[in-house]
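**Q** okay, sequence plus prediction incoming.
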Amino acid sequence: MKYLFVSFVLIIFLIMGACQKQDAQKINKVPKLTKLWETPKSMLTCESVIFDSTRNVIYASNINGQPLEKNELGFISKLSPEGEVLKEKWVEGLNAPKGMGVFGNKLFVTDIDQVIEIDIEKAEIAVRYPAEGSQFLNDISIDQLGNVYISDMSANKIYRISQGQIELWLESELFNSVNGLFVEKKYLLIGIAGSVLKADLLTKEVTAFIKNTGGIDGLASDGGGNYIISDWQGHIHLINPNKEKIMLLDSTPEKMNAADIFYIISKEILLVPTFFDNRVMAYKLEN
């Protein structure tokens, strides 16, 4: 009986040791991105990507010119989740299209000083929302009620489309180079030069959230309390309000930009538009 008891204790210790080792490995595990696929270089100055979970497709906005050029040459491409270009010029006639947001049957796209609403089923422009006083509309995020929030990078403003009308929602000197937006529950996360701010959707109170981020173009959540940011030059970081940022990707040696990213939480896939590199890249996030 004594030997059985000793053996039992040893087994327990071995199991505990194995569990502690696994926990330590999890703690010490460094998140990384593994490349899955890339599109051909047929995306023309690709600035933003978004996944439409209802239709299981990816939309990519193509500036096709200069970022503030009103040439009506901009277009939206439609891709499969595996990177196949389903239709290169799915919707055309836009001016330097950038950030996008999907709600129901509508795809909203920034268009320099207006927001374009596209009827997804008809694949055509349905409504144009001119934003009075805007200079450089950039990113879009949409709340659960369908309110559309739009950043103006040059004017330190955030606009909102609500009940079919566009309005100036919030303006602040804090919004230095405001760009990436992300609605999370009752807050709008706001990416600016060097940090992420948090605005209450009801009171509009703005508070600091994550500091020392560096520049922010795209802003997304990983669904587990962390956030992913891109800085256009080609850096992608994982950030957290309570931890140091972690570099996930540096494509600057290849002169490949990282513009307005999108993270598909259900697939753990990060989509990266490469701007002047004219591609969309997909990476698996191992977190």
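**A** Okay, I see it. Numbering: from 1, shown residues only.
**Q** you'd agree Asn138 is in a strand?
**A** Yes: assessed by DSSP: H, G, I helix; E, B strand; the rest coil, Asn138 belongs to a strand.
**Q** phi, psi of the nearest residue to Gly104 once chain neighbours are set aside?
**A** If the residues on either side of it in the chain are set aside, Gly104 comes closest to Gly146, at 7.2 Å by Cβ to Cβ, 6 or more residues apart in numbering. For glycine as for every other residue, the C-beta is placed from the backbone atoms N, C-alpha and C. Backbone geometry at Gly146, expressed as degrees, to the nearest 10, gives phi 90, psi 10.
**Q** distance of Gly146 from Phe209?
**A** 24 Å (Cβ to Cβ, to the nearest Å).
**Q** and if you look at Glu184?
**A** Counting by Cβ to Cβ, the gap from Glu184 to Phe209 is 10 Å.
**Q** of those two, which one has the most company?
**A** Phe209 (18 against 13; other Cβ atoms under 10 Å).
**Q** secondary structure class for that one?
**A** strand.
**Q** residue contacts, it?
**A** Leu189, Ser195, Val196, Leu197, Lys198, Pro241 (Cβ atoms under 8 Å, 6 or more residues apart in numbering).
**Q** tell me the bridge partners for the nearest residue to it once chain neighbours are set aside.
**A** The shortest distance from Phe209 to any residue other than its chain neighbours is 4.1 Å, reached at Lys198 (Cβ to Cβ, 6+ apart). Beta bridges link Lys198 to Leu189, Thr207 when assigned by DSSP bridges.
**Q** mind giving me the domain ranges of this structure?
**A** 1-30, 33-286 (automatic domain parsing).
**Q** which of those domains sits most buried?
**A** domain 33-286 (a mean of 19; mean count of other Cβ atoms under 10 Å).
**Q** roughly how far is that domain from the heart of the chain?
**A** 5 Å (Cα atoms, centre = their mean, to the nearest Å).
**Q** distance across stretch 208-216, terminal residue to terminal residue?
**A** 15 Å (Cα to Cα, to the nearest Å).
**Q** whoops, I mixed them up, stretch 89-101
**A** Calculated as Cα to Cα, the first-to-last residue distance of stretch 89-101 is 18 Å.
**Q** before we move on, what about stretch 232-249?
**A** First-to-last residue span, stretch 232-249, Cα to Cα: 12 Å.
**Q** swap in stretch 182-189?
**A** With Cα to Cα as the measure, what separates the two termini of stretch 182-189 is 5 Å.
**Q** longest single strand anywhere in this structure?
**A** Scanning the chain for the strand with the most residues, using DSSP state E, yields strand 85-94.
**Q** other SSEs contacting it?
**A** strand 57-62, strand 74-79, strand 124-130 (3 or more Cβ pairs under 8 Å, 6 or more residues apart in numbering; DSSP states H and E).
**Q** and the angle from that strand to strand 74-79?
**A** Here strand 85-94 runs at an angle of 160 degrees relative to strand 74-79 (axes from the mean of the first three to the mean of the last three Cα atoms, to 10 degrees).
**Q** sheet-wise, list the partners of strand 85-94 with their directions.
**A** strand 74-79 (antiparallel).
**Q** and for the partner strand, what's in contact with it?
**A** 39, 42-44, 46, 57-65, 85-97, 100, 107, 109, 111, 118, 280.
**Q** got the CA coordinates for it in CSV?
**A** In CSV, the C-alpha atoms belonging to strand 74-79 read as follows (Å, rounded to 0.1, in the frame of the first residue of the first chain):
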residue,chain,number,x,y,z
GLY,A,74,-11.2,54.3,-58.0
PHE,A,75,-12.9,50.9,-57.7
ILE,A,76,-13.9,48.1,-55.3
SER,A,77,-12.6,44.6,-55.9
LYS,A,78,-14.3,41.4,-54.7
LEU,A,79,-12.1,38.5,-53.5
